[in-house]
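Asker: Got a predicted structure here, sequence first:
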Amino acid sequence: MKLIINTTLLTLLMSVCCIHSDVAAQDRSGSLIATEVSSLVNAEPEAAPALFSETQLIDQVEQQYETISTEYFDGSCTTCTSDNSCLTYLCIDQMFSGGWLDQGFTGNPNASGGSNGPQGSNGPLIFNDQANEYMMNQLYLFAGRQVCEDGCSWDLGGRVDLLYGTDYYFIQATGLETRDDNSQHWNSNTGPRNAGTAGLYGLALPQAYAEIYSPWAGGVNVKLGHFYTTMGYESVMAPENFFYSHSYIMQYGEPFTHTGMLASWNSSSCLSWHAGITRGWNTWEQPNGQSSFIGGVDWVSPGEETKLKFTVHTGNEDITGNNNRTAYSLVFQQRLNQCWTYILHHNFGVEQNAKVNTSSQLDTAKWFGLVNYLYYTHNPCLDYGIRFEWFDDRDNARIFGLANDNIVTGGTYYNTTLGANWHPNDWFVVRPEIRWDYSDLDAPGITGAFDGGTSRDQLTLGFDVLMTF
């Protein structure tokens with residue numbers, strides 16, 4: 001004879017779990033509690049206690065729920081257990097805030113003084129572009145509300161990021177930090193940047209978006225506003241990078257930010273998709289009035305040893321709105337063992353009528369490249385890394401903007417970077433590096449891309465100190 005409990009009581013207990021048969025994989029907590037209830041309800045007399053009152057049954061289920069919560073939940077809205085099964089539950093506090101301070105120095109014995117800074121520049125390197133000079137790259141603040149992806153109901157969140165420092169100049173969006181004529185909107189119009197028309201330090205708003213979560217199709221997230229691109233591997237945000245300096249692909253081959261709409265959807269625990277409409281590369285308002293498309297797919301192996309990410313962006317970026325620019329990125333990541341990780345980043349882009357060919361006609365410009373990363377974990381506080389890059393800007397449309405085959409030759413860039421990350425705790429990181437760059441660029445008055453156009457190679461020694469809060 002089986003135990004019989006009050007139907008209303010069972011309904012109440014089950015409602016805690018938010019159980020949906022079509023999203024069972026997303027709500028492991030519900031299935032666990034449901035199993036506990038079912039085992040008590042359907043227990044045979046010889047296996048069950050002699051008598052259960054409703055109060056005793058509730059007490060037992062609550063105890064089981066507390067055990068499950070302690071084992072599987074870590075206090076965030078969405079977490080993953082050690083077996084990579086994703087869980088969702090009732091979010092109590094979805095607000096978040098934080099930031100960091102990133103400051104560094106890049107020594108360059110071959111940099112000459114000039115209009116780019118009091119100590120000269122590091123050639124085509126941006127972000128750590130100032131040579132032999134202290135730089136407060138990023139004083140970064142962010143705040144927002146995380147959407148609750150419970151698979152049950154709609155939710156609303158968002159995020160706002162502020163960056164003050166020397167990095168502001170490189171992530172400005174047309175129509176926001178700068179006007180259509182590239183003059184500064186709220187930052188200084190005098191200083192060492194942009195041939196004396198922009199300050200060394202300034203304020204940028206790299207992200208400001210609302211986020212909507214819909215339970216449709218198992219859960220769809222939609223961002224509306226200004227946000228970082230999904231292309232590439234390296235990031236504007238300092239804590240997300242291993243090296244202080246950046247690859248040429250990140251600096252010149254891909255955008256930093258977009259403004260528009262971006263939807264994302266997980267079709268399984270291993271596969272996710274995203275697609276949206278933007279106003280182009282690094283724009284708040286597109287001067288040509290046109291829109292672009294961004295889309296991609298991310299795949300992660302069940303044990304997260306292997307990751308693959310593909311993203312494409314296409315649209316008309318020129319002022320007339322008549323010439324298409326399309327670029328894609330492909331990132332492959334493989335954890336080789338507990339100590340070694342390898343990453344390959346490939347980029348390819350084309351833009352119509354962006355160069356002058358040898359017949360003095362407008363033609364399509366192309367750029368492409370490969371970046372290899374290899375990381376080694378020496379101990380919990382120390383990691384080593386090496387980066388080797390080949391970036392082909394043979395049409396010279398991206399780095400120096402000298403896209404004329406009649407007067408410019410070369411345009412291939414290499415960089416090899418050796419670095420380390422020392423992180424004695426979870427809020428403090430020191431990142432020293434030594435970097436060698438080479439380019440075969442030739443143009444009238446220019447023999448190489450470094451030291452004011454007088455050298456084909458460059459050696460820099462840099463480091464930064466990163467403190468998060």
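Answerer: That came through, no problem.

Asker: Quick one: low-confidence residue ranges for the stretch 51-200 of the chain.
Answerer: Per-residue confidence for the stretch 51-200 of the chain (pLDDT under 70) gives these ranges: 51-92, 112-119.

Asker: any idea how far residue 216 is from the closest residue to residue 301 other than its chain neighbours?
Answerer: Distances taken as C-beta to C-beta, 6 or more residues apart in numbering place residue 270 nearest to residue 301, at 6.8 Å, with adjacent residues excluded. In short, each C-beta sits where N, CA and C put it, glycine included. Relative to residue 216, residue 270 is positioned 21 Å away (C-beta to C-beta, to the nearest Å).

Asker: list the contacts for the residue nearest to residue 301?
Answerer: 299-302 (C-beta atoms under 8 Å, 6 or more residues apart in numbering).

Asker: Please enumerate the strands of the stretch 201-350 of the chain.
Answerer: 202-214, 220-228, 257-266, 271-278, 292-300, 306-316, 324-335, 340-356 (DSSP state E, counting those that start in this stretch).

Asker: With neighbour count, distance to residue 290 and pLDDT added, can I get the contacts of residue 270 in TSV?
Answerer: Formatted as TSV, those follow (neighbours: other C-beta atoms under 10 Å; distance: C-beta to C-beta, whole Å; pLDDT from 0 to 100):
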residue	neighbour count	distance to residue 290	pLDDT
299	13	31	98
300	18	34	98
301	13	38	98
302	11	41	96
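
Asker: can you redo the strands of the stretch 201-350 of the chain as JSON lines with distance to residue 189?
Answerer: Shown next, in JSON lines, are these (distance: least, C-beta to C-beta, whole Å):
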{"stretch": "strand 202-214", "distance to residue 189": "10"}
{"stretch": "strand 220-228", "distance to residue 189": "23"}
{"stretch": "strand 257-266", "distance to residue 189": "22"}
{"stretch": "strand 271-278", "distance to residue 189": "28"}
{"stretch": "strand 292-300", "distance to residue 189": "29"}
{"stretch": "strand 306-316", "distance to residue 189": "29"}
{"stretch": "strand 324-335", "distance to residue 189": "28"}
{"stretch": "strand 340-356", "distance to residue 189": "28"}
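
Asker: Run me through the strand neighbours of the helix or strand harbouring residue 101, direction for each.
Answerer: Using DSSP states H and E, residue 101 falls within strand 95-107. Applying DSSP bridges, strand 95-107 is found paired with strand 134-145 (antiparallel), strand 457-468 (antiparallel).

Asker: Which of these sits closest to residue 404?
Answerer: Smallest distance to residue 404 across the strands paired with strand 95-107 (C-beta to C-beta): 24.1 Å, for strand 457-468.

Asker: Flag every buried residue along the closest one.
Answerer: Using 16 or more other C-beta atoms under 10 Å as the test for burial, strand 457-468 gives 458, 460, 462-464, 466.

Asker: Let me know which of the strands paired with strand 95-107 is the nearest to residue 335.
Answerer: Per C-beta to C-beta, nearest to residue 335 of the strands paired with strand 95-107: strand 457-468, 23.4 Å.

Asker: domain ranges for the chain?
Answerer: Split into domains by automatic domain parsing, the chain comes to 7-88, 95-468.

Asker: Please list all residues in contact with residue 122.
Answerer: For residue 122, the contact set (C-beta under 8 Å, 6+ apart) comprises 106, 108, 111, 128-131, 458, 460.
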